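Chemist: predicted structure and sequence below. I'll ask about it afterward.
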Amino acid sequence: MGQDIASSRFTEQDFAEFSRRVRDETRILEQWFAEGRLDDGEPSAGFELEAWLVGTAGRPTPRIESVLATLDDSSVVPELATFNIEFNGAVARLSGSALSTLAQDLCTLLDRTALAAECQGCRLGLIGILPSVQPSDLTPDFMTPRERYRALNEQVFTLRHGRPLRLRIEGRERLDLEWCDVMLESAATSFQIHIRIGAQESARVYNAAKLISGPLVAIGANSPYLFGRDLWDETRIPLFEQAVSVGGPILQERVGFGFRYARHSLLETFQSNRDDYPVLLPQLMDEPPERLAHLRLHNGTIWRWNRPLIGFDPDGRPHLRLEHRTLPSGPSVADLIANAALYLGLIAHLSREQPSPESRLAFAHTKRNFYACAREGLSADIGWLDGRLHPVTQVLAEALIPRARQGLSDLGIDPPEIDHWLGLIEQRLATRRTGARWQRDWVRRHGADMTELTQAYLEQQASGRPVHEWSL
């Protein structure tokens, strides 16, 4: 959930001064957009991957500190809970065999971490929501001892005036409960794709990412169960949105899909951060204003499903990235990179397609598509560019996969790479076997024992095969 901070105790003066610095730094960013100061660079991509630490009995195991100490790798970091772990992948230039390079780098990192975890009596689980997680696991006793997490918990409930969170999810079954901390968020782990983009193209890229979020969730769904209830295909979506709800106006909710397309550039989202979102973590930092430290920290407490980021090159020049957060962790490395291939190819194509797809599909329909696909997965019907409803499977097969092929080709990805990675998407689509579908099929065959389901899932994951090849 972002960078750590020095303290979880703040004064009114801290909030006032932090807000002033965010305003000042936003003005600097506005000037950079106007003057073309943001570095376009070559197209490149990276990722963050969250995972679970799972014990031999198939249950979440709070071993993050000992695993990190054994591993000693700065690219692997803690997350909200002591049974979560996060991997930060290397950046790859989008050409040639970039996708296989990302896959190999991730496999190497996971293999090394798996050995460290094994030394601590646990293993890695790549899945959106671990089926065996129980309410007793999601308590402050298992919060990673970092000031950032303590402060987030305190500030969310300050904005809620102490009122408990209400988690309500209506799916195949129903879940309705109250919660008194933000630890519910730790039950949701994701695969976040980062792409570097130019300021001038940023609105088109942002809008394309929103437009394809629904179909991507449908083909990548891997989170059907929470606390033994069969809910959405990607239950992680409503879980995360409600787990850090501040309980105020909907415009100020910290997780969401948004309310419109970008009009001119991604500068609009940083201006919205300044104007619409109360400060959560007013950590004052001794940094030059041009480092945008306060603007970036504030942005890190607003979890848009498609979130803009500001970074800096080694020479200090700023650049713009877009973080796509809709996809779950797992089921396999092959599935993750295939999902990334579909996303990257679609962004490359749709952000340049004329007339623009966002001019042909109203934002309200794009948003409705996203939640329909999260609920129903590949069974969803979605609105598309012709103004009609279609099965999302048809849209993927006839409209999106061909566009992704062309987009990857335009980037300079090698043809065998395109065939391999998008071929995995095509096979998953042909079998209708997503991670969510495999979990439900397993339960239908073997019964609803969530610990046994977890063990069976991890055994299949260890094979390295993509999910459409998994056995029951």
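Modeler: Yep, it's here. Only a predicted model underlies this, so the values are computations on that prediction, with no experimental measurement involved.
Chemist: in this structure, which helix or strand is least confident?
Modeler: helix 147-159 (a mean of 91; mean pLDDT, DSSP states H and E).
Chemist: direction included, what does the following helix or strand past that one pair against?
Modeler: Once the chain leaves helix 147-159, the next helix or strand it forms, by DSSP states H and E, is strand 165-170. If you go by DSSP bridges, strand 165-170 pairs up with strand 174-179 (antiparallel).
Chemist: would you mind pulling the contact partners of the helix or strand following the partner strand?
Modeler: Sequence-wise, the next helix or strand downstream of strand 174-179 (DSSP H and E) is strand 190-197. Identification of contacts with strand 190-197 by Cβ atoms under 8 Å, 6 or more residues apart in numbering yields 40-50, 91, 128, 205, 236, 309, 319-330, 336, 339-340, 343-344, 347. C-beta here means a position set from N, CA and C on the backbone, and glycine is covered the same way.
Chemist: are any of those buried, and which?
Modeler: Buried subset of the contacts of strand 190-197 (neighbour count, 16 or more other Cβ atoms under 10 Å): 43-50, 91, 128, 205, 236, 319-330, 336, 339-340, 343-344, 347.
Chemist: that older thread, for the least confident helix or strand of the chain, output the C-alpha coordinates as PDB.
Modeler: What follows is helix 147-159, C-alpha atoms only, in PDB (Å, rounded to 0.1, in the frame of the first residue of the first chain):
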ATOM      1  CA  GLU A 147       3.800   3.400  10.700                       C
ATOM      2  CA  ARG A 148       2.000   3.900   7.300                       C
ATOM      3  CA  TYR A 149      -0.500   1.100   8.000                       C
ATOM      4  CA  ARG A 150      -1.200   2.200  11.500                       C
ATOM      5  CA  ALA A 151      -1.800   5.800  10.300                       C
ATOM      6  CA  LEU A 152      -4.000   4.700   7.400                       C
ATOM      7  CA  ASN A 153      -6.200   2.700   9.800                       C
ATOM      8  CA  GLU A 154      -6.500   5.700  12.200                       C
ATOM      9  CA  GLN A 155      -7.200   8.300   9.500                       C
ATOM     10  CA  VAL A 156      -9.800   6.200   7.700                       C
ATOM     11  CA  PHE A 157     -11.700   5.800  10.900                       C
ATOM     12  CA  THR A 158     -11.300   9.400  11.800                       C
ATOM     13  CA  LEU A 159     -12.900  10.400   8.500                       C
END
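Chemist: between it and strand 165-170, how big is the angle?
Modeler: Angle of helix 147-159 versus strand 165-170, following axes from the mean of the first three to the mean of the last three Cα atoms, to 10 degrees, is 90 degrees.
Chemist: please point out which parts of helix 147-159 sit buried.
Modeler: In helix 147-159, counting by 16+ other Cβ under 10 Å, buried: Arg148, Tyr149, Arg150, Ala151, Leu152, Asn153, Glu154, Gln155, Val156, Phe157, Leu159.
Chemist: closest one of those residues to Gly247?
Modeler: Leu159 (6.8 Å; Cβ to Cβ).
Chemist: can you tell me the closest non-neighbouring residue to that closest one?
Modeler: What sits nearest to Leu159 in space, not counting adjacent residues and going by Cβ to Cβ, 6 or more residues apart in numbering, is Val246, at 4.1 Å.
Chemist: how far away is the one you found from Val279?
Modeler: Val246 sits 12 Å away from Val279, taking Cβ to Cβ, to the nearest Å as the criterion.
Chemist: likewise for Ala262?
Modeler: 23 Å.
Chemist: next: Pro135.
Modeler: As judged by Cβ to Cβ, Pro135 and Val279 stand 31 Å apart.
Chemist: do the same with Ile302
Modeler: Note on Ile302: its distance to Val279, by Cβ to Cβ, is 11 Å.
Chemist: cool, Arg148 as well?
Modeler: For Arg148 relative to Val279 (Cβ to Cβ), the value is 14 Å.
Chemist: pLDDT below threshold where in the protein?
Modeler: Where the chain drops to pLDDT under 70, the residues are 1-8, 250-251.
Chemist: mind listing what the spatially most central residue of the chain touches?
Modeler: With distances taken as Cα atoms, centre = their mean, Arg325 lies nearest the centre of the chain, 2.4 Å away. Applying Cβ under 8 Å, 6+ apart, we find Arg325 in contact with Ser190, Gln192, Trp303, Arg304, Trp305, Asn306, Arg307.
Chemist: sec struct for it, please.
Modeler: Following DSSP: H, G, I helix; E, B strand; the rest coil, Arg325 is assigned to strand.
Chemist: what do you get for Gly46?
Modeler: Following three-state DSSP, we place Gly46 in the strand state.
Chemist: if you skip the residues just before and after it, what's nearest to it?
Modeler: Nearest non-adjacent residue to Gly46 (Cβ to Cβ, 6+ apart): Val91, at 4.2 Å.
Chemist: wait, isn't that neighbour in contact with Ser44?
Modeler: Yes - with contact taken as Cβ atoms under 8 Å, Val91 and Ser44 are classed as touching, separated by 5.1 Å.
Chemist: distance from the helix or strand encompassing Ala218 to the middle of the chain?
Modeler: Assigned by DSSP H and E, Ala218 belongs to helix 202-220. Computed by Cα atoms, centre = their mean, to the nearest Å, the separation of helix 202-220 from the middle of its chain amounts to 12 Å.
Chemist: which other helices and strands contact that helix?
Modeler: If you count contacts as 3 or more Cβ pairs under 8 Å, 6 or more residues apart in numbering; DSSP states H and E, helix 202-220 packs onto helix 267-276, strand 306-312, strand 318-328, helix 333-350, helix 363-376, helix 392-395, helix 415-431.
Chemist: buried sites along the second one?
Modeler: Read that as strand 306-312. Going by 16+ other Cβ under 10 Å, strand 306-312 has these buried residues: Asn306, Arg307, Pro308, Ile310.
Chemist: pairing partners for it, with directions?
Modeler: If you go by DSSP bridges, strand 306-312 pairs up with strand 318-328 (antiparallel).
Chemist: buried stuff in stretch 132-144?
Modeler: Ser132, Val133, Asp137, Leu138, Phe142, Met143, Thr144.
Chemist: show me the contacts for the first one.
Modeler: Spelled out, it's Ser132. Going by Cβ under 8 Å, 6+ apart, Ser132 touches Val54, Gly58, Arg59, Pro60, Met450, Thr451, Leu453, Thr454.
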